[in-house]
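A.B. asks: Structure for the following, please:
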Amino acid sequence: MNHSYDDDARAADGPNEMRDGGLPVTRLSRVTREESEAAALIEQLYSGLGLRVTAQENATELAVRATSVDHVRAERLRHATRFTSTLGPSSVLSAGVVLNGRVGLDDGRQVLRLERGDVLLLRTDTPVTSELVDMDVAMLTIPLAAVASLAESGTGIDAGDLRFTGGAALTPELGRYFADVVTFVHRQLLGVTADTMSPLIAEQLLHLTASAVLATFPHTATERGHASGVGRAGPPLLRRAMAYIEERADQALTVGDVARAVGTGPRALQAAFARQETTPMAYWRRVRLERAHDDLRRADPTTGVTVAQVAARWGFGHPGRFARTYAATYGRSPSATLHHEIGLAVRASRPAGGHSTSDTPETAPEPASVPAPPTGAGRCRWSGPRPCCAARRHVSRRR
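C.D. replies: As a prediction, the model looks like this:
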């Protein structure tokens, strides 16, 4: 069912009420050829960013599609025109990828000129003037507080001190990584057909988006080199962390949650898991996969239970990806396990390349699993807020 957006409350306010064991999915889909209506719709959609359309030229058609669950919203906007707008301080953060057209961002100190394939962050700490020409963009909107809280747990910076200092990716690799994240989250949200979503899945999408924003774009934590909690977490602490994850595998978890529970810093915890050639979140996914496997083995298919239901219970929102991951791990399909078909080996299929003509972003082949930052991203992340080489050619400094 479709709803109108009065403002950015879906991304900034408190959690939505649970319905039928899940969080409600809110959708918006609209096309207009009226110039005034297009301006009003854009301002309405991004009122949380303080956006105001100041001019339009030769406006023809605006197409908007958006889906939100709890604190995460995915938006696809196509607008065959040139228009300028201003942004003010806000409680939400929007970032995405340019799929077509041109985008210019001017914060009074720096001008970014972005084209197809470039990623962008709409900064919230300073007024920005934007110019968009025949745009086609895929955006994600989340609360700034969620990003600031993650930065605080991961770097030691006070959440209130987090400021983003640029709108372009730190490196080309991180730009491609963020584009993959946008594609992944859009497919999870814009592709959902149910009226509710598992809170566990919604929390994972929020955490993924916030983590990707912090890894990709320059901010004050990168400038100040915060790196709290670095140290050696020994085997006893690692065992406590693993036990904590196992006991709460059906709950929304972050690295910060686990680190606080076992009395260490996030980076020390990550280092401890790295010595076992894994990460806290990878271990959490493995535990959830094992629990889903156990449920499928014990389930009675005559009661109507499905693979999709079991997968969703353990935080796997895309049945196809769950089936591929399951088959790669257990050598058989989850359906075979559910129906107790012994000895049925299944080859995990490769995700098909390319994209359909749907409203999900056509930036890269659909990731088969949650996108991970490129190797060495941690070094880029804390090396300082320098725009990536690809974006630097679009940057002009004001004298």
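A.B. asks: Okay, Leu296 and Val262: tell me how far apart.
C.D. replies: The gap separating Leu296 from Val262 is 31 Å, by C-beta to C-beta, to the nearest Å. C-betas here are computed from N, CA, C, even on glycine.
A.B. asks: Mind splitting this structure into its structural domains?
C.D. replies: Annotated domains of the chain cover 9-220+379-397, 228-338 [automatic domain parsing].
A.B. asks: more neighbours, Leu296 and Val262?
C.D. replies: Taking neighbours as other C-beta atoms under 10 Å, Leu296 and Val262 compare with Leu296 leading, 23 against 20.
A.B. asks: For the more buried one, give me its contacts.
C.D. replies: For Leu296, the contact set (C-beta atoms under 8 Å, 6 or more residues apart in numbering) comprises 307, 310, 334, 337-338.
A.B. asks: so where do the helices sit in the stretch 201-350 of the chain?
C.D. replies: 220-224, 235-247, 255-262, 266-274, 280-298, 307-313, 319-330, 334-338 (DSSP state H, counting those that start in this stretch).
A.B. asks: Quick one, which of the ones you listed gets closest to Ala372.
C.D. replies: helix 280-298 (9.0 Å; C-beta to C-beta).
A.B. asks: Let's test this: mean pLDDT of the closest one, rounded?
C.D. replies: The pLDDT scores in helix 280-298 average 89.
A.B. asks: In terms of pLDDT, where does Met1 sit?
C.D. replies: 36.
A.B. asks: circling back to that earlier point, looking at neighbours, which among the contacts of Leu296 is most surrounded?
C.D. replies: Pro334 (26 neighbours).
A.B. asks: How much space separates that one from Leu200?
C.D. replies: From Pro334 to Leu200 the distance is 18 Å (C-beta to C-beta).
A.B. asks: Glu61 now?
C.D. replies: Separation of Glu61 from Leu200 (C-beta to C-beta) stands at 38 Å.
A.B. asks: middle-most residue in the protein, spatially?
C.D. replies: Ranked by distance to the mean C-alpha position of the chain (C-alpha atoms, centre = their mean), the top residue is Thr209 at 2.5 Å.
A.B. asks: Thr141 is in contact with that residue, correct?
C.D. replies: No - contact criterion C-beta atoms under 8 Å: Thr209 and Thr141 do not qualify, at 9.0 Å.
A.B. asks: what's the overlap in contacts for these two?
C.D. replies: In contact with both Thr209 and Thr141: Val72, using C-beta under 8 Å, 6+ apart.
A.B. asks: can you pull the contacts of Thr254?
C.D. replies: Neighbours of Thr254 in contact, by C-beta under 8 Å, 6+ apart: 150, 153, 207.
A.B. asks: Just the element for the first one, please.
C.D. replies: Mapping Leu150 onto the secondary structure by DSSP states H and E places it in helix 144-155.
A.B. asks: what angle sits between that helix and helix 255-262?
C.D. replies: 50 degrees (axes from the mean of the first three to the mean of the last three C-alpha atoms, to 10 degrees).
A.B. asks: model confidence over helix 144-155, on average?
C.D. replies: Rounded mean pLDDT across helix 144-155 is 83.
A.B. asks: Same question for stretch 193-203.
C.D. replies: The model assigns stretch 193-203 a mean pLDDT of 90.
A.B. asks: Go through that stretch and flag the buried ones.
C.D. replies: 196-203 (16 or more other C-beta atoms under 10 Å).
A.B. asks: for those residues, which one is nearest Thr183?
C.D. replies: The nearest one, if we look at these relative to Thr183 and count by C-beta to C-beta, is Ile201, at 16.6 Å.
A.B. asks: surely the closest one meets Trp314?
C.D. replies: No - with contact taken as C-beta under 8 Å, Ile201 and Trp314 are classed as non-touching, separated by 9.8 Å.
A.B. asks: how about the helix holding Leu150 as PDB, C-alpha atoms only?
C.D. replies: Extracted in PDB, the C-alpha atoms of helix 144-155 (Å, rounded to 0.1, in the frame of the first residue of the first chain):
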ATOM      1  CA  LEU A 144      22.400  11.500  11.600                       C
ATOM      2  CA  ALA A 145      22.200  10.300  15.200                       C
ATOM      3  CA  ALA A 146      22.600   6.700  14.100                       C
ATOM      4  CA  VAL A 147      25.800   7.500  12.200                       C
ATOM      5  CA  ALA A 148      27.200   9.700  15.000                       C
ATOM      6  CA  SER A 149      26.500   6.900  17.600                       C
ATOM      7  CA  LEU A 150      28.400   4.400  15.400                       C
ATOM      8  CA  ALA A 151      31.300   6.800  15.000                       C
ATOM      9  CA  GLU A 152      31.500   7.200  18.800                       C
ATOM     10  CA  SER A 153      31.600   3.500  19.500                       C
ATOM     11  CA  GLY A 154      34.100   2.800  16.700                       C
ATOM     12  CA  THR A 155      36.500   5.800  17.100                       C
END
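A.B. asks: tell me what it is packed against?
C.D. replies: Packing contacts for helix 144-155, counted by 3 or more C-beta pairs under 8 Å, 6 or more residues apart in numbering; DSSP states H and E, involve strand 92-106, helix 199-216, helix 255-262, helix 266-274.
A.B. asks: how about whichever helix or strand comes after it: buried residues?
C.D. replies: Per DSSP H and E, the first helix or strand lying C-terminal to helix 144-155 is helix 172-190. Of all the residues in helix 172-190, those buried under the rule 16+ other C-beta under 10 Å are 173-190.
A.B. asks: so how far is the next helix-or-strand element following helix 172-190 off the chain centroid?
C.D. replies: Heading C-terminal from helix 172-190, the first helix or strand you meet, by DSSP H and E, is strand 196-197. The chain centre lies 17 Å from the centre of strand 196-197; the measure is C-alpha atoms, centre = their mean, to the nearest Å.
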